[in-house]
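**Q** Can you look at this prediction? I've put the sequence above it.
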There are 2 protein chains.
Amino acid sequence: MSDLVYSQVVEKASRYQAKSLEFLGKIIQFPTVSPRDKDGLRACAEELVKQFEKSGFEASIFDTTGDPVVMAEKNVGAKKNLLFYHHYDVQPEGSLELWDSSPWKMEVRGDRVYGRGAVDDKGPIAASLMGIMLAEEMLEQLPVNVRFVIEGEEEAGSISLHEFTETNRDFLRAEGLVWEGISSMPNSPAEIICGVKGDAYFELRASGPPNFPRTDVHSGEAPCVPNAAWRLIWALNTLKDKDENILVDGFQDEVVQPSDEDIAVLAEYEGDYAKRIMDDYDLGKTLLDRKGIELLKHLYFMPTLTISGLTSGYQGAEDMTIVPSSASAKLDVRLVPNLTPEKVHELLKAHLAKKGYDDIEVKMSPGYLPSRSRINDPFIRMVHELSKEVVAPAPSNIVPMVGGSGPAHFFTPYAPMCMAYSYSDLQHTNGHAPNENAWLPSLIHNVAFIAMVADRMSQLP
Amino acid sequence: MSDLVYSQVVEKASRYQAKSLEFLGKIIQFPTVSPRDKDGLRACAEELVKQFEKSGFEASIFDTTGDPVVMAEKNVGAKKNLLFYHHYDVQPEGSLELWDSSPWKMEVRGDRVYGRGAVDDKGPIAASLMGIMLAEEMLEQLPVNVRFVIEGEEEAGSISLHEFTETNRDFLRAEGLVWEGISSMPNSPAEIICGVKGDAYFELRASGPPNFPRTDVHSGEAPCVPNAAWRLIWALNTLKDKDENILVDGFQDEVVQPSDEDIAVLAEYEGDYAKRIMDDYDLGKTLLDRKGIELLKHLYFMPTLTISGLTSGYQGAEDMTIVPSSASAKLDVRLVPNLTPEKVHELLKAHLAKKGYDDIEVKMSPGYLPSRSRINDPFIRMVHELSKEVVAPAPSNIVPMVGGSGPAHFFTPYAPMCMAYSYSDLQHTNGHAPNENAWLPSLIHNVAFIAMVADRMSQLP
């Protein structure tokens, strides 16, 4: 079996554009917002089974108590197994007036293809499948065994996915796992991501009798009536200090500190993340003026405690003189090993009670565990080397654990996960927003990259 | 000149009901939301001039850069001068669907009269004028000289009233000032109010470049991007501690402590304010479990620092994982001597800068100065004695300075102010709300009370 050469693969990949778009058009047409679009989700899963079967896969639907999981497999008796994780559910379309064409009908305009899911994550499903077909065509047979897991609840917290992963462990065992998509573009800086932080989400709420008044009260009565907003402020203030130290009792004890290997990967990082953030958001400086390795260490290895929303009392333009009867804060906690949503919930409740704020209710939403693959796993290193070749002279950086969360923890016990993209792959694509689209050159390079990954993987020792 | 007897006065007052309602109907018909209803405000002021002239007053309009002030006078060469402060502007009507009849057309249903301003403050204007007419009728001539100041901007911050008060000081000199209305009902606990706290209102705001990002940011970037909500929390936390101590540097130095005379009046207070507050708002306990004199001391003599609203980030039902780009708090500060809105503004800004929060903007709205008459002023004592007679065996309490604010400070240098009401006068009247109304028995007693005040005042040494 001979090495594929990237330039030749890209040339061939361009001939897969029509086929990729045909496939994408077939799956974009189903509204698949979970759990809203029950029928569309089911129909899209069935279409996926049909399309994978047409490409020579054994494919089926795994039913859960939520939306169905699609599984597909092509076993060619190779030594290595390549697993793909994707999702066919999408974010809500929002206001239709903000879309220039229907979110549920694929449309190509200029060098972009529009439709909900074009970039997250229906487009990448098309690219992964076409990349595998391309490898099969160019090498005359598949160099690795291939499996796909395509779920329907990723944007809704993957709440039933464990039903699949717990009963299909053998299906998940692989030497490499492509997570949602990998691609890269010549001359565009790239990231090779091999982990995701976990996420815990809480609402902290001070509200109503017996601790707070049943209605808002004239602020002339402020000397008599407990103020829900002040209580919430004081309680929140005990959670984090202005130097960003998380003060929740017992929280830091759980945090696994980055290893020497972890710190070493940061030293290799090329590019100025601080400058990029400051430019993107018109900032005079980053948080606490963090830069270089210090910034990357927090970004990739440290937990965060973020207020994502505050609500209390009157919020209109006028001056309303009241003591508010309720106040609430949304709290997003990004988790690193060994923090779990449940552990953080317990620590938060215990901390508030100890500090005298048991009048503040703590409500938890479903969350995600943190999850990492080894930076030096052969599969990760191979993708990184490939990416460096493709994007050079732009840098390709390994990223141990990004802030975006997901259900990777169900998979990483069985296979090393890897997500990869160049910045230009995602620019102007409006993921999660109106007029979501994919850039056609990016789609083609994505197909080519997958074919290369399959080939290179088969050559790993 | 002989003492009027209350029971006889009330009997006569009931004959003023029709005339009071005729007057009230004429002035409720004008929409008078300041500054919205320019034409209605002007027409109402002109109608007031006409009505007062019909009752034998010299009346005129004083033009300001805002809405007009109505002044009216009947000088009978008496030794004592009784001044009335009222306002003919009203709160916005809000949603018309919530009204059972037009806010701009008086309607009597059962024992209540409905319409915007019925209780605040057009109804009390009618009662004050009719009370004076009743005293004149019963005593055959007015026992005191009477003056009225009726402004049109009270609900909008009285922003032009100083133009009138600065150029009409002689008009304001009086031995007694009825503030917005005085009345009391047999067997209903009453308050005699001889002062108002001042009010300063601020918006504290953390927002946008260069300190905060120009848009909300994915919370995965929390290690890099300053969070406007956290900054606001930490800044607010430096302003007040959880034992309700106001920590703004220099703030407490300005506060005039209550005198022995002030504390003595609290010792005379009959009734359980704490219990009333707990019952009204379903509270398990008052703020810091304050009771008795301790509660009253804070209620009547101490400043407050109240968060009236908090806004930041995402506030919908879902979990939105963002770092908010802006956060704001509405801050209501009730002022006692010698605090002024401007002084508090300066102290707040200096405090935040000193604590390292000069990234928080402090925007001030127009406010009111605190204002008090002497508790032992003969006019106040007289009203208190009269109220005790009327409401017995219910208690009548002197209240040095209530939390509700207003432009009294323009008047108290020239006359001792007094506001009085029984709880039943205001129950179910929906002031500032839909279906605002006045209770007809309360209106009649109000007319009688005014007549008694005029008579008793003339007998003061």
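**A** The structure has been received and is ready for your questions.
**Q** rest of the way, CA atoms for contacts and neighbours
**A** Noted.
**Q** Find the nearest non-adjacent residue to the residue of chain A most remote from its centre, please.
**A** Here the centre of chain A is the reference, and by CA atoms, centre = their mean the most remote residue is A:Gly220, at 48.5 Å. The spatial neighbour of A:Gly220 that comes closest, neighbours along the chain excluded (CA to CA, 6 or more residues apart in numbering or on different chains), is B:Gly403 at 3.7 Å.
**Q** Just give me the neighbour total for the one you found.
**A** Neighbourhood size, B:Gly403 [other CA atoms under 10 Å in any protein chain shown]: 26.
**Q** OK, now which residue of the stretch 51-200 of chain A is nearest to chain B?
**A** Nearest to chain B, among the residues of the stretch 51-200 of chain A, is A:Lys197, at 8.4 Å (CA to the nearest CA).
**Q** Excluding chain neighbours, what is closest to that residue?
**A** Per CA to CA, 6+ apart, closest to A:Lys197 is A:Pro370, 4.4 Å.
**Q** quick revisit: and the residue of the stretch 51-200 of chain A closest to chain B, how many neighbours?
**A** Residue neighbour count, defined by other CA under 10 Å, stands at 31 for A:Lys197.
**Q** With the one 3 residues further on instead?
**A** Each residue near A:Ala200 was counted by other CA under 10 Å, and the total is 25.
**Q** What residues does it make contact with?
**A** A:332-335, A:340-341, A:344, A:364-368 (CA atoms under 8 Å, 6 or more residues apart in numbering or on different chains).
**Q** how does it look with 7 Å?
**A** A:332-334, A:341, A:367-368 (CA atoms under 7 Å, 6 or more residues apart in numbering or on different chains).
**Q** next one: A:Val383
**A** A:Val453.
**Q** Wasn't it part of a strand?
**A** No: judged by DSSP: H, G, I helix; E, B strand; the rest coil, A:Val383 forms no part of a strand; its state is helix.
**Q** confidence score at it?
**A** If you check A:Val383, the pLDDT there is 97.
**Q** Need phi/psi at A:Ala59.
**A** phi -130, psi 150 (degrees, to the nearest 10).
**Q** Pretty sure it sits against A:Phe52.
**A** Yes: using CA atoms under 7 Å, A:Ala59 makes contact with A:Phe52 at a distance of 6.3 Å.
**Q** who's in contact with stretch A:40-57?
**A** Residues contacting stretch A:40-57 (CA under 7 Å, 6+ apart): A:27, A:30-32, A:59-60, A:67-68, A:70, A:72-74, A:152.
**Q** Mind doing that once more with 8 Å?
**A** Contacts for stretch A:40-57 (CA under 8 Å, 6+ apart): A:23, A:26-27, A:30-34, A:58-61, A:67-74, A:88-89, A:133, A:152.
**Q** show me where the stretch 151-300 of chain A has helices.
**A** A:161-167, A:169-172, A:228-237, A:251-254, A:260-267, A:273-281, A:292-301 (DSSP state H, counting those that start in this stretch).
**Q** now those helices in a markdown table, with distance to chain B, mean pLDDT and mean neighbour count?
**A** Compiled in a markdown table, the helices of the stretch 151-300 of chain A are given as follows (distance: least, CA to the nearest CA, whole Å; pLDDT from 0 to 100; neighbours: other CA atoms under 10 Å in any protein chain shown):
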| stretch | distance to chain B | mean pLDDT | mean neighbour count |
| --- | --- | --- | --- |
| helix A:161-167 | 20 | 97 | 15 |
| helix A:169-172 | 27 | 98 | 16 |
| helix A:228-237 | 6 | 98 | 24 |
| helix A:251-254 | 16 | 96 | 14 |
| helix A:260-267 | 15 | 90 | 14 |
| helix A:273-281 | 5 | 94 | 16 |
| helix A:292-301 | 5 | 95 | 19 |
